[in-house]
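Chemist: Need a 3D model of the sequence below.
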Amino acid sequence: MPDDLRSQFEQAYLDLGRLGHRPDNDTLLRIYALYKQGSEGDVHGDKPGFFDFVGTAKYEAWATLQGTSREVAMRDYIALVKSLGG
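Modeler: So this is what the prediction gives:
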């Protein structure tokens with residue numbers, strides 16, 4: 001993985017914290033999933049329990065990216081953060 005891509009990914013993470021507004025929940029789930037896929041790869045671990053609604057939503061959002069390369073996820077994450085003004 002190119003160092004330049006890694007540094008852009010890390011910068012996008014920092015930029016996200018400076019947005020000044022909170023994206024809607026669907027966008028937040030997409031951001032979370034792309035970040036996890038870009039940083040850790042395919043979803044792993046046990047799916048949270050039924051009553052852990054937020055944990056389950058995050059897990060399922062990440063699982064939708066199964067098979068997406070880390071590089072593609074990083075590029076999509078960077079593009080999404082930039083589109084939000086970050």
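Chemist: Quick check: mean pLDDT of the helix with the most length in the chain?
Modeler: The longest helix of the chain (DSSP state H) is helix 25-40. Across helix 25-40, pLDDT averages out at 97.
Chemist: what does stretch 63-82 give?
Modeler: Taken as a whole, stretch 63-82 has a mean pLDDT of 97.
Chemist: Contacts for that stretch next, please.
Modeler: Contacts to stretch 63-82, defined as C-beta atoms under 8 Å, 6 or more residues apart in numbering, come from residues 1, 5-6, 8-9, 12-13, 15-16, 27, 30-31, 33-39, 41-43. C-beta here means a position set from N, CA and C on the backbone, and glycine is covered the same way.
Chemist: thinking again about what came up before, would you mind listing the buried residues in the longest helix of the chain?
Modeler: Within helix 25-40, the residues that count as buried by 16 or more other C-beta atoms under 10 Å are 29-38.
Chemist: helices or strands next to it in the packing?
Modeler: Contact here means 3 or more C-beta pairs under 8 Å, 6 or more residues apart in numbering; DSSP states H and E; on that basis helix 25-40 packs against helix 3-16, helix 53-63, helix 70-83.
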